[in-house]
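Undergrad: my questions concern the predicted model and sequence given below.
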Amino acid sequence: MSTPFRFDPVELPPECGALRQQVRAFIAEELAAGRWTQNSDFAVHRAADFSRRLGGRGWIGMTWPKRYGGGERSFLERYTVTEELLAAGAPVGCHWIADRQSGPLLLRYGSEEQRETFLPGICRGEIFFAIGMSEPDSGSDLASIRTRATPVCGGYEVTGAKVWTSYAHESHYAITLVRTAPLDPKNRHAGLSQLIVELTAPGVTIRPIRNLAGEHDFNEIVLDRVFVPSSRLVGSEGDGWRQVTSELAFERSGPERFLSSHQVLVGLVDRAGTDPEPALAEALGRIGANLWTLRQMSLSVAGMLQVGETPNLEAALVKDLGGAYERGIPERARRLTRRCRGQPADRFEAALAEAILHAPSWTLRGGTREILRGIIARGLGLR
Amino acid sequence: MRDTILYDSAMRLFGDHVSPQVLAEAERGAWPASLWNAVTDAGYLDVLAEGPAGMVEAVAILRAAGHHAAPMPLPETMLTRWLCAAAGIDAPAGALSVAAVTPDEPVVVPWGGAADAVAIVSGSSLRFASREQLRFEHSASLAGEARDVLIAIDAAQTVPLPNAVSADVVRGIGALMRAAQMAGAMEAALDLATRYANDRVQFGRPIGKFQAIQQQLALLAEEAAAAFVAVESAALSVAEGRASAEFAVAAAKIRAGEAAGTVAEIAHQVHGAIGFTEEYSLHHLSRRLWSWRDEFGDETYWAATLGRRIAAAGGPGLWPLITAP
């Protein structure tokens, strides 16, 4: 029997090398100007002005058609820019969802009018999107959502609540998964649709949900008879499940799935000095080997996405391994340095403290460890 | 993929020639002659004749060999034939083996007693001796594969190696080859454990329907996939002579070695008692995983090497090291 997964090695084309140097030069310039502090967790730091500067360089919507403001560059070039930004700990949060998910969704399923309305602004780093999927009673079991969109003259009236919506309070729109038909227990994935909800529309209330670090990233979005014009339906009514799941390989396999704690690792290497004792050298070597391997796996998935495949099983493998890796870094750093006590003395200790507090979310967001392993088990033919 | 057809045909060849009987007899010291002849006729021994450029092909063959636990010095012969070519020695036909000397450690030659000739590499010089010139103390790995300790060489041809070849290079190529065999054995263990979980019924259903088993097998698959990707990427890097090849080889042996322990543990746990028997074939894979991970440098050896390299690069140098083409 052949292997259930497929990972072809990818060689980055030569243009990626030049692009990488441009991104590094840009980052060096930003850091020299003291414009932001480094944090590799894509969901933690954000800056609208940074997103606009990136947009100005053509590094948002890089793969999209030029007529919508995109760069018509390859998926591997986008990968190169993304991994450089994340490794450097740049504040990518504002445009992240629009660039990774909402834009590609509109390109794939959106109407011409939607593309013309939203994509150029996304590319300029001016329009930010959030995702409205989970609900108070629907987390991993996404098909059980209850937010209803009822047909009214010229559109829908939407009522319900979405939770864990990162940056809803700083985003302009949320691509919101709703029920346009009641749940059919025999076909639970039917009757779902995706709507673009304007977050300033009447009836939309955004409430903060503070995380355990006391920060306001998450929100609850309460939708009380919010009118959404039918021109804001993405794709076909009732096709939401297929549309949502078709994006999963993009969402799950990127470098953000193993670089969240990268600044801790950078600090750890610095602390180790140039001549570390054997146990520390061994630990760094094992971490380096895992990081290198994850990147090769993630690149391989990017290569498959580039040629139009949907490697959902491989993406789940990358995300679960990547999550375990990035969660392991602060734990290892803590044991190796014994520096996470009270007030952080320097950047490394601050990064370590922040990583310990944020790590629980890394194996939850974008599909929990348990859900991912279920997907892998299905890929192995066990379900 | 340039190696897919080669891999598929190697899988057929090893599938046809490695039977439970061949494995059992090899462990008792018998030479698997028909398997060896098939491998020779297929041209596998010369896959590195042109040097590391053939590494992708070598790894494809060795994954298939590892998948079937082929009990013979195939990577050792491939590597020695390359060393002979590099040193300008006419390699004799037949089984060959190789060892990279580490100061103050015994020289263990895989399949030494069964090899027609052996290359012993220390620093940048090579001693080449034929069977009758070598004396071994016979020993075996956890998998029952001959791992003979060199006692004496009565006479040997000593030749300098070209600049690009040294004991470190031999250890690296050997490590990547063992990692490839491990990747193959892990794929086979995944296959075996998945089939067993689908066949074995307890509490009225196949045990693979239980989430506890599914989660474990998913982990096994992740580890096998990581080893596979590390090995394939490193092989490509070596074949193309990239500057990053050394890093890639160390990373591949570390990652495959880490995966080997987890894969063997989960495969055995899923199989229950039957997997612990001599009769059932899982031990041919798991015992090889447990021994191959220690050969040509274990994870600790390679991780210390890689870790010193990372430390030398420093925090800002880490990412350029990881992304170096």
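TA: Received it, and whenever you're ready, just let me know what you need.
Undergrad: show me the contacts for the residue lying closest to residue B:315 once chain neighbours are set aside.
TA: Of all residues not flanking residue B:315 in the chain, residue A:270 sits nearest, at 3.7 Å (CB to CB, 6 or more residues apart in numbering or on different chains). From N, CA and C alone the C-beta is placed, and that goes for glycine too. The neighbours of residue A:270, taking CB atoms under 8 Å, 6 or more residues apart in numbering or on different chains as the test, are A:348, B:314, B:315.
Undergrad: now the residues you listed: which count as buried?
TA: A:348, B:315 (16 or more other CB atoms under 10 Å in any protein chain shown).
Undergrad: using CSV, please lay out the contacts of residue A:270 together with secondary structure.
TA: Listed next are the contacts of residue A:270 as CSV, based on DSSP: H, G, I helix; E, B strand; the rest coil:
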residue, secondary structure
A:348, helix
B:314, helix
B:315, helix
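Undergrad: redo the contacts of residue A:270 as a markdown table? Include distance to residue A:309 and pLDDT.
TA: As requested, the contacts of residue A:270 are exported to a markdown table (distance: CB to CB, whole Å; pLDDT from 0 to 100):
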| residue | distance to residue A:309 | pLDDT |
| --- | --- | --- |
| A:348 | 40 | 92 |
| B:314 | 38 | 97 |
| B:315 | 36 | 96 |
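Undergrad: please parse the chain into its domains.
TA: By default, I'm working from chain A. Using automatic domain parsing, the domain ranges for chain A come out as A:14-127, A:131-240, A:247-379.
Undergrad: looking at chain B here, not the other one
TA: Domain assignment for chain B by automatic domain parsing gives B:4-155, B:167-313.
Undergrad: right, and those - which one's nearest residue A:279?
TA: With CB to CB as the criterion, residue A:279 lies closest to domain B:167-313 of the domains of chain B, at 8.9 Å.
Undergrad: now the closest one, how far from the chain's geometric center?
TA: How far domain B:167-313 lies from its chain's middle: 11 Å, per CA atoms, centre = their mean, to the nearest Å.
Undergrad: got it, and stretch B:152-159?
TA: 26 Å.
Undergrad: which residues are contacting that stretch?
TA: Here stretch B:152-159 makes contact (CB under 8 Å, 6+ apart) with B:87-89, B:120, B:125-129, B:132-135.
Undergrad: just the ones of these in helices?
TA: Members of those lying in helices (criterion: DSSP state H): residue B:87.
Undergrad: from the contacts of stretch B:152-159, which two are the most distant?
TA: B:88 and B:135 (26.3 Å).
Undergrad: any of the contacts of stretch B:152-159 buried? List them.
TA: Applying 16+ other CB under 10 Å to the contacts of stretch B:152-159 flags B:87, B:89, B:120, B:126, B:127, B:128, B:129, B:133, B:134 as buried.
Undergrad: now do the phi/psi pair for residue A:188.
TA: phi -70, psi -20 (degrees, to the nearest 10).
Undergrad: what's it in contact with, if anything?
TA: Counting by CB under 8 Å, 6+ apart, residue A:188 makes contact with A:143, A:144.
Undergrad: distance of the residue nearest to residue B:315 relative to residue A:351?
TA: To residue A:351, residue A:270 is 11 Å away according to CB to CB, to the nearest Å.
Undergrad: please apply the same query to residue A:87.
TA: Distance of residue A:87 to residue A:351, given as CB to CB: 14 Å.
Undergrad: then residue B:29?
TA: Using CB to CB, residue B:29 is found at 57 Å from residue A:351.
Undergrad: neighbour count winner among the two?
TA: Neighbour count, other CB atoms under 10 Å in any protein chain shown: between residue B:29 and residue A:351, residue A:351 has more, with 27 against 12.
Undergrad: so where does the more buried one fall, helix or strand?
TA: Residue A:351 belongs to helix A:347-362 when assigned by DSSP states H and E.
Undergrad: and for the helix or strand that that helix is followed by, what's in contact with it?
TA: As assigned by DSSP H and E, the chain's next helix or strand after helix A:347-362 is helix A:369-379. Helix A:369-379 is contacted by residues A:4-5, A:140, A:252, A:312-313, A:316-317, A:319-320, A:323-324, A:363, A:367, A:383, B:208, B:211, B:214-215, B:217-219, B:221-222 when judged by CB under 8 Å, 6+ apart.
Undergrad: same for whichever strand or helix holds residue A:85, what does it pack against?
TA: Here residue A:85, judged by DSSP H and E, is contained in helix A:75-88. If you count contacts as 3 or more CB pairs under 8 Å, 6 or more residues apart in numbering or on different chains; DSSP states H and E, helix A:75-88 packs onto helix A:14-32, helix A:278-306, helix B:299-323.
Undergrad: the longest one close to chain B?
TA: Translated: helix A:278-306. Yes - counting by CB under 8 Å from any CB of the partner chain, contacts between helix A:278-306 and chain B involve A:278, A:280-286, A:288-297, A:300.
Undergrad: which of those count as buried?
TA: So, by 16+ other CB under 10 Å, the buried ones in those are A:280-286, A:288-297, A:300.
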